[in-house]
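>>> task: produce atomic coordinates for the following.
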Amino acid sequence: MIFYDEVPAELVTGSEKSVSFEAATITGSGRRVNIHRVPITDVFTGKTDYYDLVLEYKPKGKKNQWERPSDFKFRIAEWRKFQFPKLPVTQIVTGRYQNESSGCIYTTLIQNRWLYTLRGENNPFSAQIVTGPATGHPDIGGREIVDFLPNTYVWGVVINDGHCGAIWSDWDNGEIVGLRRNGNNLSIGLFSQGDDFTTPVQSDNLTLIEDE
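Below is the predicted model:
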């Protein structure tokens, strides 16, 4: 299990924007630094936009002066606002979901851009869900099963077990769960029971409800 320390966004001096580079994905390629999905938030409205940018390391001054770090500088080579695509079935809509048969209610809470918590309101169940493929997943990426798990789910693990509806006592801590969205419905499946499996051994269906 991987846990992250919370780092607050930093307000840019002289502006009404805060920037959270720690929430971005940063990779290098040659003399370029690629920074993807930088969240920039208007501190008054709370609206967040995401940007992709590329920083390029280039020399300044005369060639025979390129001896110290100060002889080089970064410039912005590319800068564009990221437009989120239409939600696929593996993208979860945050909100409150209710089991149709038993009335159990669960809430999906987005913790950062792609990290979700599914938490029971009337029972202690919770699961941590991270979007993206199972391969390389921060919580389950080291398990042998991950290369065989279907890409029609987003994946996570049980954090606290709980008892409500089909989610019962054998949904144990650390076991794999998969979530799949279909309109306003959210399917949750348990993919572990002692061993890990490629199909759910138990499942439940939740429906998005309006907040009261």
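>>> how many neighbouring residues does the spatially closest residue to Asp172 that is not a sequence neighbour have?
Beyond its immediate neighbours in the sequence, the residue positioned closest to Asp172 (CB to CB, 6 or more residues apart in numbering) is Asp161, lying 5.5 Å away. Just so you know, the C-beta spots here come from the backbone N, C-alpha and C atoms, and that holds for glycine as well. Summarising burial for Asp161: neighbours were counted as other CB atoms under 10 Å, giving 19.
>>> shouldn't Asp161 be in contact with Gly174?
No: taking CB atoms under 8 Å as the contact criterion, Asp161 and Gly174 are not neighbours in contact, 9.9 Å apart.
>>> for Thr117, give me the pLDDT.
With respect to pLDDT, Thr117 scores 89.
>>> and it, how close does it get to Ser203?
For Thr117, the distance to Ser203 (CB to CB, to the nearest Å) stands at 19 Å.
>>> follow-up on the earlier one: check contacts around the residue nearest to Asp172.
The neighbourhood of Asp161, defined by CB atoms under 8 Å, 6 or more residues apart in numbering, consists of Pro124, Phe125, Ser169, Trp171, Asp172, Asn173.
>>> buried subset of these?
Phe125, Trp171 (16 or more other CB atoms under 10 Å).
>>> what two of the contacts of Asp161 have the greatest distance between them?
Greatest spatial distance among the contacts of Asp161 (CB to CB): Pro124 and Asp172, at 12.8 Å.
>>> and the closest residue to Phe72 other than its chain neighbours, how many residues sit next to it?
Closest residue to Phe72 in three dimensions, ignoring its sequence neighbours and counting by CB to CB, 6+ apart: Pro59, at 5.4 Å. Neighbouring residues of Pro59 were enumerated by other CB under 10 Å; the total is 12.
>>> Pro59 against Phe74, yeah?
No: using CB under 8 Å, Pro59 is not in contact with Phe74; the gap is 11.4 Å.
>>> Trp171 and Leu190 touch, don't they?
Yes: contact criterion CB under 8 Å: Trp171 and Leu190 qualify, at 5.5 Å.
>>> what residues are shared contacts of these two?
When contacts are counted by CB under 8 Å, 6+ apart, the set common to Trp171 and Leu190 consists of Val158, Val177, Gln202.
>>> in helices, which of the residues you listed fall?
Among the shared contacts of Trp171 and Leu190, no residue falls in helices (DSSP state H).
>>> isn't Gly151 right up against Thr90?
Just so we're on the same page, residue 151 is Asn rather than Gly. Yes: because the distance of 7.4 Å satisfies CB under 8 Å, Asn151 is recorded as touching Thr90.
>>> higher neighbour count, the two?
It is Thr90, of Asn151 and Thr90, that has more neighbours when counted by other CB under 10 Å, with 17 against 11.
>>> my guess is that one contacts Val154. True?
Yes: here Thr90 lies in contact with Val154, judged by CB under 8 Å, at a distance of 5.0 Å.
>>> what's the overlap in contacts for those two?
Common contacts of Thr90 and Val154, defined by CB under 8 Å, 6+ apart, comprise Thr131, Arg180.
>>> which ones are touching Val49?
That one is not Val; residue 49 is Asp. Pro39, Ile40, Lys81, Phe82.
>>> swap that for Asn160, please
Contacts were defined as CB under 8 Å, 6+ apart; by that measure Asn160 touches Pro124, Phe125, Ser126, Asn173.
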